[in-house]
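Peer 1: any chance you can model this:
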Amino acid sequence: QVQLVESGGGLVQPGGSLRLSCAASGFTFIWYVMSWYRQAPGKERELVAKITSSGRTTNYADSVKGRFTISRDNARKTIDLQMNSLKPEDTAVYYCNADKSDRGLSYWGQGTQVTVSS
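Peer 2: Model (predicted):
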């Protein structure tokens, strides 16, 4: 069955770094656009970063540009999110998403908590 398993979340001080990973299985990974979303308490889920199936094109929310980097390894069926210069406002549950919109398919991971606090 389809699985997206996130890892790498935790507690970090402002200015610190974390690297999130998402391992995919149960679907043809190379066909899917992969993204990271986040949801803070009391707020709607928002797109953080997106990477195309080839990995050649990435997009970022304005709030994370220059600080976060998304990458994918199609051989290992994983995506990563390198997060640097973390701020308290980055605190949220981070979700991995696989999307193939032309088929109306979208899968979600269970989420991993990132807390930025001193």
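
Peer 1: so for this structure, the centremost residue is which one?
Peer 2: residue 36 (2.4 Å; Cα atoms, centre = their mean).

Peer 1: stretch 22-38: how far from the chain's middle?
Peer 2: Relative to its chain's centre, stretch 22-38 lies at 10 Å (Cα atoms, centre = their mean, to the nearest Å).

Peer 1: same thing with stretch 87-102?
Peer 2: 5 Å.

Peer 1: gap between the two ends of it?
Peer 2: 36 Å (Cα to Cα, to the nearest Å).

Peer 1: helix or strand: which one has the residue nearest to the centre of the chain?
Peer 2: Per DSSP states H and E: residue 36 is located in strand 33-39.

Peer 1: that strand: what's the following helix or strand?
Peer 2: strand 46-51.

Peer 1: still on that earlier bit, hang on, isn't the residue nearest to the centre of the chain packed against residue 99?
Peer 2: No. With contact defined as Cβ atoms under 8 Å, residue 36 does not count as touching residue 99 (11.8 Å). Any C-beta I mention is one placed from the backbone N, CA and C, and that applies to glycine too.

Peer 1: re earlier: elements contacting the strand holding residue 36?
Peer 2: If contacts are counted by 3 or more Cβ pairs under 8 Å, 6 or more residues apart in numbering; DSSP states H and E, strand 33-39 sits against strand 18-25, strand 46-51, strand 68-73, strand 78-83, strand 92-100.

Peer 1: format the ones you listed as TSV; extra columns: distance to residue 111 and mean neighbour count.
Peer 2: Shown next, in TSV, are the helices and strands packed on strand 33-39 (distance: least, Cβ to Cβ, whole Å; neighbours: other Cβ atoms under 10 Å):
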stretch	distance to residue 111	mean neighbour count
strand 18-25	10	19
strand 46-51	12	19
strand 68-73	17	18
strand 78-83	13	22
strand 92-100	4	21
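
Peer 1: JSON lines for the ones you listed, including mean pLDDT and distance to residue 11?
Peer 2: Output for the helices and strands packed on strand 33-39, formatted as JSON lines (pLDDT from 0 to 100; distance: least, Cβ to Cβ, whole Å):
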{"stretch": "strand 18-25", "mean pLDDT": "98", "distance to residue 11": "9"}
{"stretch": "strand 46-51", "mean pLDDT": "98", "distance to residue 11": "19"}
{"stretch": "strand 68-73", "mean pLDDT": "98", "distance to residue 11": "18"}
{"stretch": "strand 78-83", "mean pLDDT": "98", "distance to residue 11": "13"}
{"stretch": "strand 92-100", "mean pLDDT": "97", "distance to residue 11": "13"}
